[in-house]
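Asks: one predicted model, sequence on top.
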Amino acid sequence: MGARRSVIIGAVVLFVAALLVGPAVGAAGAQSGSCEADGAAQLCLTEASLGSDELTAGESTTLTATVENVGDERATAVVVLNVAGPDNETDSLEIRRESIPPGETLTVTKTVDASTPGTHAMQVLVYNDDLAHRYDASEPWTVEVNEQGLGGGIDTPEYALAALIGSLAVLGGLVYRQR
């Protein structure tokens with residue numbers, strides 16, 4: 001019953017976060033009118049994607065975000081990753097801070113490591129230099145991290161290698177015994 005309760009609480013937190021964040025960007029690109037100007041400066045999150053939404057503890061995936069300066073003046077983009085863990089712990093990580101001239105884009109990549117099993121929520125946001133104004137935000141993602149160990153994914157290279165070595169040892173033992 002505890003796992004079901006955690007999933008329900010996590011879903012409610014994601015729903016409320018989506019309502020508070022407002023218009024968002026999907027993995028394919030920005031929705032028209034989703035980014036807010038700050039005077040003559042305007043930064044839009046034109047693409048945000050996560051390499052995988054299901055991982056085994058110990059694996060990693062790549063987060064990619066592209067920010068475009070569609071305003072009339074140079075603006076500093078602060079790209080932030082918000083994460084909510086399975087026990088509703090939240091954290092904000094600044095991924096990159098860079099000044100972008102008008103008409104230019106900035107592509108940011110970040111390796112995201114999966115260490116805690118459970119359902120995690122992630123979202124990319126773009127702020128101005130002093131974090132007082134949010135320009136844009138991605139759609140929230142849900143990432144499932146499964147426990148590591150035997151019984152996990154059958155395509156895990158370490159298990160396949162161990163099985164191959166074990167099979168060769170047994171085969172070698174049988175051949176040796178036949179002599």
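Replies: Yes, it's here.
Asks: now do the contacts for the closest residue to residue 99 other than its chain neighbours.
Replies: Closest residue in space to residue 99, ignoring its immediate chain neighbours: residue 76 at 4.8 Å, by CB to CB, 6 or more residues apart in numbering. The way it works is simple: take the backbone N, C-alpha and C, and place the C-beta from them, glycine included. Residue 76 makes contact with 97, 98, 99, 100, 128, 129 under the criterion CB atoms under 8 Å, 6 or more residues apart in numbering.
Asks: and those, which of them are buried?
Replies: Burial by neighbour count, 16 or more other CB atoms under 10 Å: within the contacts of residue 76 this picks out 100, 128.
Asks: if I look at residue 104, how far off is residue 74?
Replies: 9 Å (CB to CB, to the nearest Å).
Asks: and what of residue 141?
Replies: 30 Å.
Asks: what helix or strand does residue 173 sit in?
Replies: helix 157-178 (DSSP states H and E).
Asks: which parts of stretch 36-50 are buried?
Replies: For stretch 36-50, by 16+ other CB under 10 Å, it's 36, 38, 41, 42, 43, 44, 45, 46, 47, 48, 49, 50.
Asks: what's the pLDDT at residue 19?
Replies: With respect to pLDDT, residue 19 scores 35.
Asks: same question but for residue 3, I mixed them up
Replies: So, for residue 3, pLDDT stands at 50.
Asks: before we move on, back to that, in strands only, show me the contacts of residue 76.
Replies: In this view, the contacts of residue 76 that belong to strands under DSSP state E are 97, 98, 99, 100.
Asks: distance of the second one relative to residue 134?
Replies: Yep, that's residue 98 we're talking about. From residue 98 to residue 134 the distance is 17 Å (CB to CB).
Asks: which ones are touching residue 61?
Replies: 50, 51, 52, 55, 111, 112, 114, 143.
Asks: assumed residue 116 was part of a helix.
Replies: No - counting by DSSP: H, G, I helix; E, B strand; the rest coil, residue 116 is not part of a helix but coil.
Asks: what's around it, how many residues?
Replies: The tally of other residues near residue 116 (other CB atoms under 10 Å) stands at 13.
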